[in-house]
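> Structure here, sequence nowhere to be found:
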């Protein structure tokens, strides 16, 4: 897996873990907005479309400032809609940046995920351009400042013989066509975002576009309330013969303005272009090479029964089913290497344990469990804490100090249920799987599939013969040791009340697989 | 979930939302009161430096009818120098040429110069650098056959050609423009110096409330 390996990634990850822990405590993992930053952006995009469509009815390219001022003066159908539009666009920028930082910090910006990263950066650039056009449309002092700065940078390019800045000199009225083009771009570019979004999520299965409803309505409700309690005011109209002393600026879209205005136009434009290029090409810098590059999953075709479960479970649509070449009637799974992020989810989904990244298949997991049982010989009271390497394993020493035996795995979603069974039948009193919160899974769907395999008979399910009272799944991110310790203590008390188990010695486990319903994939 | 974390979470969400609202239109310093601006901006057609030749009837006959033109001119446009002085101090000095790769389009002047507010003298000069041949173009045009309607060119076409050449000549910016003015600029005021094409001179424009 692609663990953060660069100092900046590690710093960002530490900050993220701490913030996630705070938000989990305040809102619960289901309501943690940091986990939902991407879907929040899309929800706000829909808000912007709806409010923008309303506002466009009142905008006049022949009288931009007057039409916006008239709209702003109307508290019933104008001001709050405009405020809602503006605040939603600001929140979208914040959520998009959080989303980008999250992907970077978690080492999810390169390889098969590079397409998502690059389309995300492109969409963010488009969002900034939309914001720029939106503020210029108003043609107040802030819009004028943005327009002048944009023109100043554009004029450094040796493509236009007439400086675009001459539009704003005051020699003649600004032509309506300028505002028409602005409006056209402001309306047209967001439509292009749909194409970008399609590309952005094209490599993930079952992409979630909207946050859970409580969070969705909380975000929308807060922004709506803000637009009501903090109505927008009009800044003075742009005046080419008067320099403004200070302008009421939207810092989410104009944070760069003080810096660029302090520079000559050429360096300012070069800085903007280089920053955009650096962000776009970040996957080249963050790419793992050599030994640090996780290998893609492999299929042992002699074991594959063609049940399609790995095909259904893969979060990145990296597995396809093909006709077998060895004469057997069923299909065989095939891993597309350049789409596989080596998450290992398929290892947990394959009952015959025939697929997974090298060294992390179900059979490899069983081998490690056997080694552990032979080495540790856990007693009846021992709780084996199966910890996600990116979550609870980070504070495993605290769990060990509390009496748990540690068994780290790369991702709880990798965990094969046979490994749980083997631990129980090998003498452990109980198995506590400490997974990352579902919305925080670095492999998207690990905890979800784990829960279904243990409690809802999803292939490869935990066999009925395993006492479910001795198995528990709890969620804790790397910054929540107290939550994990509380879960451990509670589970240990429950297991203690169950009495002792008997180790079965050499345990043989069945490896069977039922075909997955095809509809699940469609 | 406990009530206390829930209340703290709600309070935090409200504070962050209010912070978002504040940052959405927080004041950004734009210009200092010690700034005023002299904006020098205009567009004009440069004078042409070219050699004109009257084509003979034989030459015209070889051309497609729509390509026939009695007088053909080849050359380029003149270069100019813009100089702006404020209280005798040189603020800007730049060479200005016509636009386009061949510099045969309109020339554009655009400079924004920060100056301190208050009374001052302003001196803007725009002077042609290249010398135009002493022989006037209209004189050349009146050369042998210049106004002839023979060679497959209609009299109307010849008249239009002549008119077009005259129009271009008259539209061209004068060889020398100058504006000397004593002005008192208020803090953050913009004084526009531009070219009045009808009066063929530089003018200063200010619109203060």
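Yep, it's here. Predicted, not measured: the structure shown is a model, and the values here were computed from it. Residues are numbered from 1 along each chain as shown, chains lettered A, B, ... in the order given.

> For chain A, what's the nearest residue on chain B?
Residue of chain B nearest chain A, by Cβ to the nearest Cβ: residue B:99 (2.6 Å). In short, each C-beta sits where N, CA and C put it, glycine included.

> Was I right to think that residue contacts residue B:105?
Yes. Under the criterion of Cβ atoms under 8 Å, residue B:99 is in contact with residue B:105, at a separation of 3.8 Å.

> tell me, what's touching the two both at once?
Shared contacts of residue B:99 and residue B:105 (Cβ atoms under 8 Å, 6 or more residues apart in numbering or on different chains): residue A:161.

> Count the neighbours of the residue of chain B closest to chain A for me.
The burial count assigned to residue B:99 is 19, neighbours taken as other Cβ atoms under 10 Å in any protein chain shown.

> got the contact list for it?
Neighbouring residues of residue B:99 by Cβ under 8 Å, 6+ apart: A:161-162, B:105-108.

> Next, the buried residues of the longest helix along chain B.
Assignment by DSSP state H gives helix B:3-24 as the longest helix of chain B. For helix B:3-24, the neighbour count (16 or more other Cβ atoms under 10 Å in any protein chain shown) marks B:9, B:13, B:17, B:20-21, B:24 as buried.

> so after that helix, what's the next helix or strand?
Counting by DSSP states H and E, the next helix or strand C-terminal to helix B:3-24 is strand B:26-29.

> Would that following strand count as contacting chain A?
Yes. Legend: contact between strand B:26-29 and chain A by Cβ under 8 Å from any Cβ of the partner chain is shown at B:26-29.

> In that strand, which of the residues would be classed as buried?
residue B:28.

> That strand pairs with which strands?
If you go by DSSP bridges, strand B:26-29 pairs up with strand A:246-249 (antiparallel).

> next helix or strand past the strand it pairs with?
Immediately after strand A:246-249, counting by DSSP H and E, sits helix A:251-254.

> what residues does that next one touch?
Counting by Cβ under 8 Å, 6+ apart, A:89-90, A:93-94, A:128, A:131-132, A:135, A:142, A:145-146, B:20, B:23-24, B:26, B:28 sit against helix A:251-254.

> For the residue of chain B closest to chain A, give its distance to residue A:178.
Taking Cβ to Cβ, to the nearest Å as the measure, residue B:99 and residue A:178 are separated by 19 Å.

> So the residue in the stretch 101-250 of chain A positioned nearest to chain B, which state does it fall into?
Going by Cβ to the nearest Cβ, chain B is nearest to residue A:161 of the stretch 101-250 of chain A, at 2.6 Å. At residue A:161 the chain is in coil, as set by DSSP: H, G, I helix; E, B strand; the rest coil.

> That one touches residue B:104, doesn't it?
No. Contact criterion Cβ under 8 Å: residue A:161 and residue B:104 do not qualify, at 10.3 Å.

> Now for the two: what residues contact both?
Residues touching both residue A:161 and residue B:104 by Cβ under 8 Å, 6+ apart: residue B:98.

> Which residue is the nearest non-sequential neighbour of residue A:404?
The spatially closest residue to residue A:404, leaving aside those adjacent along the chain, is residue A:385, at 4.1 Å (Cβ to Cβ, 6 or more residues apart in numbering or on different chains).

> list the contacts for that neighbour?
A:392, A:396, A:399, A:404-407, A:432, A:434, A:484, A:488.

> May I ask which helix or strand of chain B has the lowest mean pLDDT?
In chain B, no helix or strand scores lower on mean pLDDT, DSSP states H and E than helix B:137-141, which sits at a mean of 50.

> How about the helix or strand following it, which residues are buried there?
Next along the chain after helix B:137-141, taking DSSP H and E as the criterion, comes helix B:155-171. Neighbour counts over helix B:155-171 (16+ other Cβ under 10 Å) mark B:157-158, B:161-162, B:165 as buried.

> Which of the contacts of residue A:385 sits closest to residue B:52?
Using Cβ to Cβ, residue A:392 comes nearest to residue B:52 of those, at 88.4 Å.
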